[in-house]
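Trainee: make a model of this:
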Amino acid sequence: MLRKAQRHLFAHSHAAVLLAAALLASTAACSDTGTAPARRAPAASAPSLVSAPAARLVSNAVKYHDGSAPHATGRSGTARLEALAVTGGNGVTTLTITTGSLDDPDHAPGQIVKAQLKVFGSDGTALFTENHNGLNGGGTQTFMLAGLAPGARIQVQANVRGIDGRRTDVVTVTETVKQAAALHVDVSMPGQTLVGAPVVITATVSETGGDVGTRADCVLYVDGQAVDRAEDIWVDAGDAVTCAFRYTFTSLGSHTVEVRANGTGGSATLQANAGDQATVDVVGAAHTAWTAEAEDRSSASTSVLDYTWSKPDGSHKEYSNTETTTTRTQAVSVQGTLDRAVQFPLTALDVTVASSGVEWQVEHWNDVASALDANGQACASRQMPEQGAVLFVCNAAQGGATFGYTRFAGTVTYHSQGFSNTFDGLTGTPNVYAWNDGYTLSSSGGQMRPFGGEVKLTLNVHDDAGGWELTPTVALSPFSDAAVVVQPRTCTLSSPYWLDGGTLNSCNTVTTQDTGTRGTAAG
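Mentor: So this is what the prediction gives:
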């Protein structure tokens, strides 16, 4: 991710190979930051309900990495203070101070009884001072400040009681205002699937603000109703992750599918909810067919924040700040259906993915057993933690079968509750993620793959009734989409007290432009 030459390029890569006229989507992202972050050992997981081994899983509560710009910390005696100030597109900055951790502000010791805020512009000019006395909100306090741009500084001096006995500690921290996180969601899926067959839907969730990461709920909606979710996911600053869902369509016809990244309660680090949607045609009569897509995309997102203020005495100020964030994603998918149900156990499964003469992945399995999924359909799967991938073959309720292989190449993949129940062998409402690079320290996420002029895919499936092979080749061509206005220029007019009766006009605009190579094939 490139942000005004201040950060590394985060290369987000996704290579997903799906075979399912079932609703399969494969978009994910990888990060290449040059130096891999330290990792907490993944937690052990239960055996898969469908087949083993399952991927090693980590609770969503554990951040996979936090590359956010540092926030302020301070200490006096045993009392400590953390502070974070973020500004969104509405011109309002949210300042949070806590005696505990910003990751868990609801459990902060002691009580902040007084706070003085001295605010300075990014050029060091003193803007205003606020004094907050008689505070009684415990160890965490939140303040709303208007008219501050990224780079402004807030010096906080807080009086804290209840930590060092009867002593009142005075803790000072100076926090720099940061751009609030902005999420972008991309859903990719085939246009057709079978009724009564489990399908996997994936979405890429990218953070394009570049200053701070954020928490969000990744939610799958079908025809406007929430049907599956991964709660409280973490998206690192300038990074991208995958959300993987499992759903079974029970009625024929056209359906709208949407994935939204919704801000979690109490979080002030997300500018706005984000989402993406597509339509799928659910059919009952199966036939053998496949579609394939490949894309290597670079998305440049430019945010322009400008404001002007004036006072009755004639003084005024104009300010403009432009931030550009670039993310790169790769996506490869093959979706297909079979005109008959498969016979389990499958005698053999083979899959390869290659480009530029290099095979990314070569896998082979024998005697692939099945089990019944939550809807009573026979389904088999293989998870490949070393590749961040999952493969499944499922029979449909009214005949035929869907099958799919997805290679998640993002930093991590969040497994929704439905996905976990089907493929991880977890019950209840688990919220977990898996690393997408085999848990090595060679990179901080899934690996970018060298796309040449084409991407070649091979999948062989054999059972006692016979077998079939798909060998699609997707030719790639360059593209450059026109710039799209994600957020039209919006302005907020206010009159904060520190302008002594004057006015503040704060405006924000966000645009994106995509370039890269892509192609499709069908058969």
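
Trainee: how about low-confidence regions in the chain?
Mentor: For the chain, applying pLDDT under 70 flags the ranges 1-55, 89, 265-267, 386, 409, 437-447.

Trainee: centroid residue for it?
Mentor: When CA atoms, centre = their mean is applied to the chain, the residue found nearest the centroid is residue 205 (3.0 Å).

Trainee: who does that residue form a beta bridge with?
Mentor: Residue 205 has the following beta-bridge partners by DSSP bridges: residue 185, residue 241.

Trainee: was I right to think it contacts residue 218?
Mentor: Yes. Checked against CB atoms under 8 Å, the pair residue 205 and residue 218 is within contact range at 6.3 Å. Bear in mind the C-beta positions are built from the backbone N, C-alpha and C, glycine included.

Trainee: anything in contact with each of the two?
Mentor: Residues touching both residue 205 and residue 218 comprise 233, 243, 261, with contact defined as CB atoms under 8 Å, 6 or more residues apart in numbering.

Trainee: pick the one among those closest to residue 70.
Mentor: Within these, proximity to residue 70 (CB to CB) peaks at residue 233, which comes in at 22.4 Å.

Trainee: in the stretch 351-500 of the chain, which spans are helices?
Mentor: Assigned by DSSP state H, counting those that start in this stretch, the stretch 351-500 of the chain shows helices spanning 417-419.

Trainee: on that earlier part again, so which of the shared contacts of residue 205 and residue 218 are in strands?
Mentor: Among the shared contacts of residue 205 and residue 218, the ones falling in strands (DSSP state E) are 233, 243, 261.

Trainee: and which of those residues is nearest residue 374?
Mentor: Distances from residue 374 to those, taken by CB to CB, are shortest for residue 243, at 18.9 Å.

Trainee: hmm, back to that, so which of the ones in strands among the shared contacts of residue 205 and residue 218 is surrounded by the most neighbours?
Mentor: residue 243 (33 neighbours; other CB atoms under 10 Å).

Trainee: please name the nearest non-neighbouring residue to that residue.
Mentor: residue 218 (3.9 Å; CB to CB, 6 or more residues apart in numbering).

Trainee: and stretch 274-290, what's buried?
Mentor: For stretch 274-290, burial by neighbour count (16 or more other CB atoms under 10 Å) applies to 274-276, 278, 280, 282-283, 286, 290.

Trainee: just say helix, strand or coil for the residue of the chain most remote from its centre.
Mentor: Ranked by distance from the centre of the chain (CA atoms, centre = their mean), the top residue is residue 313, with 47.4 Å. State at residue 313, reduced to three classes by DSSP: H, G, I helix; E, B strand; the rest coil: coil.

Trainee: for it, what are phi and psi?
Mentor: For residue 313, the backbone dihedrals (degrees, to the nearest 10) come out as phi -80, psi 0.

Trainee: distance of the closest residue to it other than its chain neighbours from residue 373?
Mentor: Sequence neighbours aside, residue 500 is the residue nearest to residue 313 in space, at 7.6 Å (criterion: CB to CB, 6+ apart). Using CB to CB, to the nearest Å, residue 500 is found at 66 Å from residue 373.

Trainee: strands of the stretch 201-350 of the chain, start to end?
Mentor: Ranges of strands within the stretch 201-350 of the chain are 214-222, 225-235, 240-248, 253-263, 274-283, 289-310, 316-338, 346-355, based on DSSP state E, counting those that start in this stretch.

Trainee: for the first one, which helices and strands make contact with it?
Mentor: Going back to what we said before, that points to strand 214-222. In terms of contacts (3 or more CB pairs under 8 Å, 6 or more residues apart in numbering; DSSP states H and E), strand 214-222 is packed against strand 198-207, strand 225-235, strand 240-248, strand 253-263.

Trainee: could you dump the ones you listed to TSV with distance to residue 67?
Mentor: Shown next, in TSV, are these (distance: least, CB to CB, whole Å):
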stretch	distance to residue 67
strand 198-207	10
strand 225-235	11
strand 240-248	13
strand 253-263	18
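
Trainee: on that earlier part again, does the residue nearest to residue 313 touch residue 314 like I think?
Mentor: No. Residue 500 is beyond contact range of residue 314, at 11.7 Å (criterion: CB under 8 Å).

Trainee: which one of those two has more residues nearby?
Mentor: Legend: neighbour count by other CB under 10 Å for residue 500 and residue 314, higher for residue 500 (12 against 7).

Trainee: in contact with the more buried one, which residues?
Mentor: 311-313.

Trainee: which one of the residues you listed is nearest to residue 331?
Mentor: Nearest to residue 331 among these: residue 311, at 51.9 Å, using CB to CB.

Trainee: any idea how far that closest one lies from residue 97?
Mentor: Relative to residue 97, and taking CB to CB, residue 311 is found at 28 Å.

Trainee: ok, the two, which is more surrounded?
Mentor: More crowded of residue 311 and residue 97, by other CB under 10 Å: residue 97, with 29 against 14.

Trainee: buried stuff in stretch 452-463?
Mentor: Here stretch 452-463 shows 454-459, 461-463 as buried, counting by 16+ other CB under 10 Å.

Trainee: just give me the closest of the residues you listed to residue 165.
Mentor: Taking CB to CB as the measure, residue 165 lies nearest residue 455 of the buried residues of stretch 452-463, at 66.2 Å.

Trainee: surely the closest one touches residue 476?
Mentor: Yes. Residue 455 is in contact with residue 476 according to CB under 8 Å; the separation is 6.9 Å.

Trainee: name the residues contacting each of these two.
Mentor: Shared contacts of residue 455 and residue 476 (CB under 8 Å, 6+ apart): 294, 519.

Trainee: re the thing from before, could you dump the buried residues of stretch 452-463 to CSV with distance to residue 423?
Mentor: Converted to CSV, these look like this (distance: CB to CB, whole Å):
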residue, distance to residue 423
454, 30
455, 25
456, 26
457, 21
458, 23
459, 18
461, 18
462, 22
463, 20
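
Trainee: looking at those residues, which is nearest residue 328?
Mentor: Closest to residue 328, out of all of those and judged by CB to CB, is residue 455, at 16.0 Å.

Trainee: so who does the closest one touch?
Mentor: Contacts of residue 455 by CB under 8 Å, 6+ apart are 294, 332, 353-355, 473-474, 476, 519.

Trainee: residue 107 too?
Mentor: Shown in contact with residue 107 (CB under 8 Å, 6+ apart): residue 100.

Trainee: for it, which three-state class applies?
Mentor: Under three-state DSSP, residue 107 falls in the coil class.

Trainee: for residue 370, see how far away it is.
Mentor: Taking CB to CB as the measure, residue 107 falls 45 Å from residue 370.

Trainee: same question, residue 86
Mentor: 48 Å.

Trainee: more neighbours: those two, which one.
Mentor: It is residue 86, of residue 86 and residue 370, that has more neighbours when counted by other CB under 10 Å, with 28 against 21.

Trainee: what's the following helix or strand after the helix or strand where the more buried one lies?
Mentor: Assigned by DSSP states H and E, residue 86 falls within strand 79-87. Next along the chain after strand 79-87, taking DSSP H and E as the criterion, comes strand 92-98.

Trainee: show the subsequent helix or strand relative to that following strand.
Mentor: Downstream of strand 92-98, the first helix or strand assigned by DSSP H and E is strand 111-120.

Trainee: with just CA atoms, put the helix or strand following that following strand into CSV.
Mentor: Counting by DSSP H and E, the element after strand 111-120 in chain order, helix or strand, is strand 126-133. These are the backbone C-alpha positions of strand 126-133, laid out as CSV (Å, rounded to 0.1, in the frame of the first residue of the first chain):
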residue,chain,number,x,y,z
ALA,A,126,-2.3,26.5,18.3
LEU,A,127,-6.0,26.1,17.4
PHE,A,128,-7.9,25.8,20.7
THR,A,129,-8.0,24.4,24.2
GLU,A,130,-10.8,22.5,25.8
ASN,A,131,-11.2,21.7,29.6
HIS,A,132,-13.4,18.9,30.6
ASN,A,133,-14.1,18.8,34.4
